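[1] Please find the sequence and the predicted model below.
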Amino acid sequence: MKTRLTISGFFFPILFFFGTAASTQPQPHQLPSVKLRDINGHPVDATQIRADSKPLLMIFWKFSDKASCNNLKTLVQTVNDSLLGEIVNVVAICSDDAVTSQQALPWIKSSELELELYFDPNGDFRRAMGVKPPYTILFDKEMRIYCQQAGYCIGNESLVCGKIRECLAGLHSNRK
């Protein structure tokens, strides 16, 4: 009996601590300071990517991977079609090497995708974020990770749009 009291006396404060820690608001995510390239080839620090008071959808992709291209195209088109009138920043991070990434920009332009495009030719940003394309991260307006989706499967675009709607609902309710 004495042993049970000691064990429960020990674990109760730990469970209470973890329970309250899990219920606190997540802190804003600080993007790692890694050099990316913009569409003109100029260096840009990844910390400069911001949500600007609206949700930010960051899509990691590789032009050399068909599933990544399908994921990018489907997500951007679904966001544009499903969330007409809503403002969502869409950022694509191309993780191809320097040679293959030269083919990505014409593909983006021919696909008429509206997004910010950055290149991560050495994969430093991808590794710092701990992701492997295709990978999608939705940040809220304070750059807190709202949800993440690894890989690509048919139907995940509606899941992402649902999460964006939740972010937008929270954004609109905070303005009132």
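    Sure thing, it's come through. Residues are numbered from 1 along each chain as shown.
[2] Could you use CA atoms for every contact and neighbour count after this?
    OK.
[3] Next up, the contacts around A98.
    A98 makes contact with 121-122, according to Cα atoms under 8 Å, 6 or more residues apart in numbering.
[4] Any regions of the protein where pLDDT drops low?
    Residues of the chain meeting the criterion pLDDT under 70: 1-29, 84-86, 153-157, 170-176.
[5] Need the residue closest to the centroid of this structure.
    I137 (1.8 Å; Cα atoms, centre = their mean).
[6] My read is that it contacts P55, right?
    No. The pair I137 / P55 is not scored as a contact, 10.4 Å apart, by Cα atoms under 8 Å.
[7] Go ahead and report the secondary structure state at the residue nearest to the centre of the chain.
    strand (DSSP: H, G, I helix; E, B strand; the rest coil).
[8] let's number from 33 now, not from 1
    Right, with 33 as the first residue, what we last looked at is I169.
[9] State the distance from it to L107.
    12 Å (Cα to Cα, to the nearest Å).
[10] try D77
    D77 is 25 Å from L107, by Cα to Cα.
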